[in-house]
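No sequence on hand, only this structure:
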DNA sequence: CATGTCTTGAATGTATACAGCACCTTCTGA
DNA sequence: TCAGAAGGTGCTGTATACATTCAAGACATG
């Protein structure tokens, strides 16, 4: 057995590809096809797909696994859940945030504010910035849930990669969150996190709606 | 293929047994052993265990799956999550609650208040009572999460089955929730749900602590 | 030309088979 | 008697093989 099982390898790679939106939502992932693609048998693929299904990245429609479709309702629900859980995780974590985490957060903030940072790197820094706080909540299930929800929303973000990093008020919110965390004000940090999530939701939703309207326009015009 | 796959059957049965606390937490569930027990091969068992691991009922410690241990910290975290999500689901669902659901809820309330109801039946009615509301939230992911969290907390409840149904203020809270739902007051219903969860948490925690103290006493005395 | 049926193919669910690893037992030597 | 090594036993991960089911397409028929 290699250092990592084939199932884990397939799951990790597929998870990355799916949350980065590299596979069209609605695509059927046949066990046979995935197995051939990764050069393994169907058993580890079954394991991987099962896990991804549990994480919500694929749906088991009857027998076959299909990449979970994107929808405005789903996006809404995901952000509702995040707005419920992430402020809570923030509130629990703030009293435990130490010097080292704050240093790393400042670094990540600087990376995000650097115009030279590519959109994809911006998104990764953004994820890491928030994860720094959550990791200190000492709530393993909560952290796992937050990561899972973030991966699911990432699929919506990657569609609009070009614009997300440019939204100035998101950056301002990051600075405000960091300030509250530094001040040890858990309640404020939690509320700022909630507002920040609402902002993100609104940014993505706006672009999604605009895109949809554009799509309809083209359809009607062409 | 039978009407239901072997993997689904094993998963459903194991899930039931685990959330009912019929298997000692910490027990290792070997694929081979479970396979023999259900008279199937290891492949469907792998699928089932994988799914249960994703639901948090078992932990994959290295290679083997062990029944997730119970702990006061875990109970705390589970209730923190439930208190974050269930009031939200309630708030979203209340405007959609119709006549039929209210009737069923009244029935379930009567069942719970009937002294002839056995503890286990009480717990099932309790679950169904709350599920009536959540199901109408129109949030599939949220509902799945709530069910998952409830199953995980059930493991703690079943340990103290004999006392849960006797706590009068839990019954009173149910009546209050039903009243708020009937009145269409989403905000009140949500807040009452949060309080109700805090009550449940406290009831279970008290008994868990008492049991632990008793255990220590016996250990010290014997 | 539309429609129903049959056939063929592919994909899944599952069983069996094999290889590697870990832990435990046991035996040997000091 | 105790420490250490050798063997065995049981587990997992994975590949291969087979039965079953579902779907699509071809063909006959009204």
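Good, I have the coordinates. Values in this document were obtained by computation on a predicted structure and should not be read as measured data. Numbers count the residues shown, from 1 in each chain, chains lettered A, B, ... in the order given.

Can you tell me how far the residue nearest to residue A:151 when sequence neighbours are not counted is from residue A:37?
The shortest distance from residue A:151 to any residue other than its chain neighbours is 4.3 Å, reached at residue A:19 (Cβ to Cβ, 6 or more residues apart in numbering or on different chains). For the C-beta atoms, the positions are set from N, CA and C on the backbone; glycine is no exception. Distance of residue A:19 to residue A:37, given as Cβ to Cβ, to the nearest Å: 18 Å.

domain assignment for chain A?
Using automatic domain parsing, the domain ranges for chain A come out as A:6-67, A:72-219.

Relative to residue B:112, which of those domains is closest?
Distances from residue B:112 to each of the domains of chain A were compared by Cβ to Cβ, and the smallest falls on domain A:72-219, at 27.3 Å.

average model confidence for the closest one?
Domain A:72-219 shows a mean pLDDT of 92.

which residues in chain A form helices?
Secondary structure of chain A, counting by DSSP state H: helices at A:6-19, A:31-38, A:42-55, A:72-93, A:99-113, A:119-135, A:140-157, A:161-164, A:168-183, A:186-221.

residues in chain A within reach of chain B, list them.
Chain A comes close to chain B at residues A:43, A:46-47, A:50-51, A:54-56, A:74, A:77-78, A:80-81, A:84-85, A:88, A:92, A:139-142, A:145, as judged by Cβ under 8 Å from any Cβ of the partner chain.

go again using 7 Å as the cut-off
A:43, A:46-47, A:50-51, A:54, A:56, A:77, A:80-81, A:84-85, A:88, A:139, A:141-142 (Cβ under 7 Å from any Cβ of the partner chain).

Separate out the buried members of the residues you listed.
A:43, A:46-47, A:50-51, A:54, A:56, A:77, A:80-81, A:84-85, A:88, A:139, A:142 (16 or more other Cβ atoms under 10 Å in any protein chain shown).

Near DNA strand C, which residues of chain A? Just list them.
Taking Cβ under 7 Å from any atom of the strand as the criterion, chain A approaches DNA strand C at residues A:1, A:30-33, A:42-43, A:46, A:63-65.

In CSV, list those along with distance to residue A:192.
Conversion of the residues of chain A next to DNA strand C to CSV gives the following (distance: Cβ to Cβ, whole Å):
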residue, distance to residue A:192
A:1, 46
A:30, 45
A:31, 44
A:32, 48
A:33, 45
A:42, 47
A:43, 46
A:46, 43
A:63, 45
A:64, 43
A:65, 38
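
Which of those residues are buried, as a PyMOL select command?
Provided next is the PyMOL selection string for whichever of the residues of chain A next to DNA strand C are buried by 16+ other Cβ under 10 Å:
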select buried, chain A and resi 30+31+42+43+46+65
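
Any chance of TSV for the residues of chain A next to DNA strand C, columns pLDDT?
Formatted as TSV, those follow (pLDDT from 0 to 100):
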residue	pLDDT
A:1	40
A:30	94
A:31	94
A:32	94
A:33	94
A:42	95
A:43	95
A:46	94
A:63	83
A:64	89
A:65	93
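
related to what we said a few turns ago, how about JSON lines for the domains of chain A, with distance to residue B:133 added?
As requested, the domains of chain A are exported to JSON lines (distance: least, Cβ to Cβ, whole Å):
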{"stretch": "domain A:6-67", "distance to residue B:133": "23"}
{"stretch": "domain A:72-219", "distance to residue B:133": "16"}
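
Which one of the residues in chain A is closest to chain B?
Among residues of chain A, the one nearest chain B by Cβ to the nearest Cβ turns out to be residue A:54. It sits 3.1 Å away.

Is it correct that that residue is in contact with residue B:53?
No - in this structure, residue A:54 sits apart from residue B:53 without contact. The criterion is Cβ atoms under 7 Å, and the distance is 8.2 Å.

about what we covered before: just the residues of chain A next to DNA strand C now: which is nearest residue A:15?
In terms of Cβ to Cβ, no member of those lies closer to residue A:15 than residue A:65, at 13.0 Å.

how about that closest one, what does it touch?
By Cβ atoms under 7 Å, 6 or more residues apart in numbering or on different chains, the residues touching residue A:65 are A:29, A:49, A:53, A:58.

Now do the contacts for the second one.
The contact partners of residue A:49, by Cβ under 7 Å, 6+ apart, come to A:29, A:31, A:58, A:65.

Where strands are concerned, which of those count?
Of the positions in the contacts of residue A:49, A:29, A:58, A:65 sit in strands, assigned by DSSP state E.

and these as JSON lines, adding distance to residue A:214?
What follows is the ones in strands among the contacts of residue A:49, written out as JSON lines (distance: Cβ to Cβ, whole Å):
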{"residue": "A:29", "distance to residue A:214": "29"}
{"residue": "A:58", "distance to residue A:214": "28"}
{"residue": "A:65", "distance to residue A:214": "31"}
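
what about the closest residue to residue A:64 other than its chain neighbours, distance to residue A:52?
Distances taken as Cβ to Cβ, 6+ apart put residue A:28 closest to residue A:64, at 5.2 Å, once the chain neighbours are dropped. Between residue A:28 and residue A:52 the distance is 13 Å, computed by Cβ to Cβ.

So between the two, which is more surrounded?
Applying other Cβ atoms under 10 Å in any protein chain shown to residue A:28 and residue A:52 shows that residue A:52 carries more neighbours, namely 24 against 11.

who touches the residue lying closest to the more buried one once chain neighbours are set aside in this structure?
What sits nearest to residue A:52 in space, not counting adjacent residues and going by Cβ to Cβ, 6+ apart, is residue A:58, at 4.7 Å. Under the criterion of Cβ under 7 Å, 6+ apart, the contact partners of residue A:58 comprise A:29, A:49, A:52, A:65-68.

make it 8 Å
Taking Cβ atoms under 8 Å, 6 or more residues apart in numbering or on different chains as the contact definition, residue A:58 lies against A:18, A:29, A:49, A:52, A:65-68.

And for the residue nearest to residue A:8 when sequence neighbours are not counted, the neighbour number?
When the adjacent residues along the chain are set aside, residue A:8 lies closest to residue A:48, with 7.8 Å between them (Cβ to Cβ, 6+ apart). Applying other Cβ under 10 Å, we find 30 residues neighbouring residue A:48.

quick one on the thing from earlier: within reach of DNA strand D, which of the residues of chain A next to chain B are there?
Filtered for proximity to DNA strand D (Cβ under 7 Å from any atom of the strand), the residues of chain A next to chain B shrink to A:43, A:47.

And the residues of chain A next to chain B, which two are furthest apart?
Using Cβ to Cβ, the residues of chain A next to chain B reach their maximum pairwise distance at A:43 and A:88, which is 38.6 Å.

quick one: residue A:139 and residue A:179, what's the gap?
With the distance defined as Cβ to Cβ, residue A:139 ends up 24 Å from residue A:179.
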